[in-house]
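> sequence unavailable; structure follows:
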């Protein structure tokens, strides 16, 4: 069966510090991968998606970046965090098949920038 | 921007059916209607999807109007564990599988 992992679960970082969030998927190959952010009381905002190793599409201009160094690894980074980067970060993967948009989500990372 | 409109909140008594409406008046012929839900502080969970026909699975039923401009998600016997935010999403299957999320409906199932 497939599993998606995210870590850390919670993170408190000062403004201006770097960020690295990791997402890994087990039990599947060549998935589409997605990073979302959810501000308090809001819907999910798509940040990045990837259809393959080294292929990253950015949806929203910001100070975040993403990388996919391996097929089942997706990393979200920042060189200098802003207060507005606080939120709930979710990684998701998509299995291509009969159901074109059933995305599976990880447990999320709650980031607080202070 | 999200292509759907949902009421911000609804209440339902435990054991009764919960009917969650969604308007998607600008839906195109090749766009699907997807429903996800998000229990507090967890990642969203897929529920069901449809194109034209009504659909049913072990979690819910999806009723899509003939003109496809609106749909209703039905939880036939709501339980306390169904308390969550429910998102209705319209998506083109060919659009790199991107989902555009609105604010959803916060469903409270009361004992």
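Nice, I can see it. This one's a predicted model, so the numbers in the text were calculated from it and none came from an experiment. Numbering: from 1, shown residues only, chains lettered A, B, ... in the order given.

> confidence score at the one residue in chain B that gets nearest to chain A?
Evaluated by CB to the nearest CB, chain B has residue B:43 as its residue closest to chain A, separated by 2.9 Å. Quick note: C-beta positions are derived from backbone N, CA and C, even for glycine. With respect to pLDDT, residue B:43 has a value of 91.

> just checking, it touches residue A:105?
Yes. Applying CB atoms under 8 Å as the test, residue B:43 and residue A:105 come out as touching, 2.9 Å apart.

> shared neighbours of these two, which are they?
A:90, A:92 (CB atoms under 8 Å, 6 or more residues apart in numbering or on different chains).

> the chain: strands as residue ranges?
Looking at chain A here, since you left the chain open. Taking DSSP state E as the criterion, chain A contains strands spanning A:3-7, A:10-13, A:19-26, A:32-38, A:44-52, A:55-58, A:64-70, A:73-78, A:87-94, A:103-105, A:109-113.

> look at chain B instead
Chain-ordered strands for chain B, with DSSP E as the definition, fall at B:9-13, B:18-23, B:31-38, B:45-50, B:55-56, B:61-64, B:70-75, B:84-92, B:105-110.

> now these as JSON lines including mean neighbour count and distance to chain A?
Putting those into JSON lines (neighbours: other CB atoms under 10 Å in any protein chain shown; distance: least, CB to the nearest CB, whole Å) gives the following:
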{"stretch": "strand B:9-13", "mean neighbour count": "14", "distance to chain A": "12"}
{"stretch": "strand B:18-23", "mean neighbour count": "20", "distance to chain A": "14"}
{"stretch": "strand B:31-38", "mean neighbour count": "22", "distance to chain A": "6"}
{"stretch": "strand B:45-50", "mean neighbour count": "18", "distance to chain A": "5"}
{"stretch": "strand B:55-56", "mean neighbour count": "15", "distance to chain A": "11"}
{"stretch": "strand B:61-64", "mean neighbour count": "19", "distance to chain A": "13"}
{"stretch": "strand B:70-75", "mean neighbour count": "20", "distance to chain A": "15"}
{"stretch": "strand B:84-92", "mean neighbour count": "22", "distance to chain A": "5"}
{"stretch": "strand B:105-110", "mean neighbour count": "18", "distance to chain A": "10"}
